[in-house]
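>>> Here is my input; please provide its structure:
(chains A, B, C and D, ligands or ions: 4)
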Number of protein chains: 2
Amino acid sequence: MLDYKESLKQHGLKNSKQRNLLIKLLSNADGIMTAEEIYLALKKQEEKINLSTVYRILEAFVEKGLVVKSTFPSSNTCVFTLKHLEHSHHLICLKCKKTVSLPHCPLKEFEHSIEKETNFNITDHNLELYGYCNNCK
Amino acid sequence: MLDYKESLKQHGLKNSKQRNLLIKLLSNADGIMTAEEIYLALKKQEEKINLSTVYRILEAFVEKGLVVKSTFPSSNTCVFTLKHLEHSHHLICLKCKKTVSLPHCPLKEFEHSIEKETNFNITDHNLELYGYCNNCK
DNA sequence: AATGCAAATGCAAATCGTTTGCATTTTTAA
DNA sequence: TTAAAAATGCAAACGATTTGCATTTGCATT
Ligand SMILES: [Mn+2]
Ligand SMILES: [Mn+2]
Ligand SMILES: [Zn+2]
Ligand SMILES: [Zn+2]
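Ligands and ions are numbered 1, 2, ... in the order given. Below is the predicted model of the structure:
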């Protein structure tokens, strides 16, 4: 429950109608969506928006860290979620796509030990858990 | 260092020239490769192979669990690695693509607690770490 | 070793998610 | 209110992946 206009401004993004619609949609949806799902959802609301605009907005949001982009396993379609303020990960139902945010990232300490062992500088990680939710299992 | 022919047979896959070439390439490469990189590497060896065959073989290998398919962040190209016998994850250099296998999966115990908390049945997870290797950082 | 069938391959074309060029509209700041 | 910069819509392009179909190959059987 944020002030979307403020959130955009803080990230140096112009406050367009489509951006506000998209960010509101994502935060109400509270789950992962493909670009096309977002596009269709907004169309259904009688809003004027174009699929390429959806992609451009998502790209901007990802770049600013407002949105996380990832890929469903065994699919080549990207999915997007609103990024929580705290670094977090999701548990995703493979059937209905219901998502749950994990209470914390289990990799913090782990990363440090790996950095020492491997001499890598770890900058990021990808983690998503998959399974079946209460209804679908 | 496996017997590739045996490995294919055990997975119910016919023992074709192209499949053997591909599995050998992947295990020597010891890292992630895109379908096209695989295709070009085999061409360079003067081997007769087609890009769509590479895709079909990789698909079969993924289905049989011989290969893991994942996606590089901020890219829509899939990458493939030979699956280790033990469940494992990779640390990948964002610059040179050098990969290191992590010594163990840090999520085992974590998953159990998450299952209890969320009522999900967790079947799988995706984890890759990204950063810069000793040479590239 | 020869045969036959199912599965695998090559090739070209299709598909589909995503990106881009460009003309038009909207936003923001002066 | 105005002008410049940025965002949008639309159509076309793009690139990774997939597919149809004719041909070849692997493998079990004779
Ligand atoms: Mn994390
Ligand atoms: Mn794991
Ligand atoms: Zn579900
Ligand atoms: Zn490197």
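>>> what about the residue with the largest distance to the centre of chain A, helix or strand, and which?
Distance from the centre of chain A peaks at residue A:117, with 31.1 Å (C-alpha atoms, centre = their mean). Assigned by DSSP states H and E, residue A:117 belongs to helix A:108-118.
>>> what packs against that helix?
Under the contact criterion of 3 or more C-beta pairs under 8 Å, 6 or more residues apart in numbering or on different chains; DSSP states H and E, helix A:108-118 touches strand A:121-132, strand B:121-132. C-beta here means a position set from N, CA and C on the backbone, and glycine is covered the same way.
>>> that older thread, can you give me the separation between the spatially closest residue to the residue farthest from the centre of chain A that is not a sequence neighbour and DNA strand C?
The shortest distance from residue A:117 to any non-neighbouring residue, by C-beta to C-beta, 6 or more residues apart in numbering or on different chains, is to residue B:103 (7.3 Å). Separation of residue B:103 from DNA strand C (C-beta to the nearest atom of the strand, to the nearest Å): 33 Å.
>>> Quick check: the gap between residue B:103 and residue B:129.
Applying C-beta to C-beta, to the nearest Å, the value for residue B:103 to residue B:129 is 12 Å.
>>> ok, these two, which is more surrounded?
residue B:129 (24 against 12; other C-beta atoms under 10 Å in any protein chain shown).
>>> In JSON lines: the helices and strands packed on helix A:108-118, plus distance to residue B:78 and mean pLDDT.
What follows is the helices and strands packed on helix A:108-118, written out as JSON lines (distance: least, C-beta to C-beta, whole Å; pLDDT from 0 to 100):
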{"stretch": "strand A:121-132", "distance to residue B:78": "14", "mean pLDDT": "88"}
{"stretch": "strand B:121-132", "distance to residue B:78": "13", "mean pLDDT": "88"}
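>>> Dump the ones you listed into JSON lines; add distance to ligand 4 as well.
What follows is these, written out as JSON lines (distance: least, C-beta to the ion, whole Å):
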{"stretch": "strand A:121-132", "distance to ligand 4": "10"}
{"stretch": "strand B:121-132", "distance to ligand 4": "6"}
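>>> Of those, which is nearest ligand 1?
strand A:121-132 (5.4 Å; C-beta to the ion).
>>> who's in contact with whichever residue of chain A sits closest to ligand 1?
Relative to ligand 1, the nearest point of chain A is residue A:105 (3.1 Å; C-beta to the ion). Residues near residue A:105 by C-beta atoms under 8 Å, 6 or more residues apart in numbering or on different chains: A:87, A:88, A:89, A:127.
>>> hmm, back to that, now for the helices and strands packed on helix A:108-118, which one comes closest to ligand 3?
strand A:121-132 (5.9 Å).
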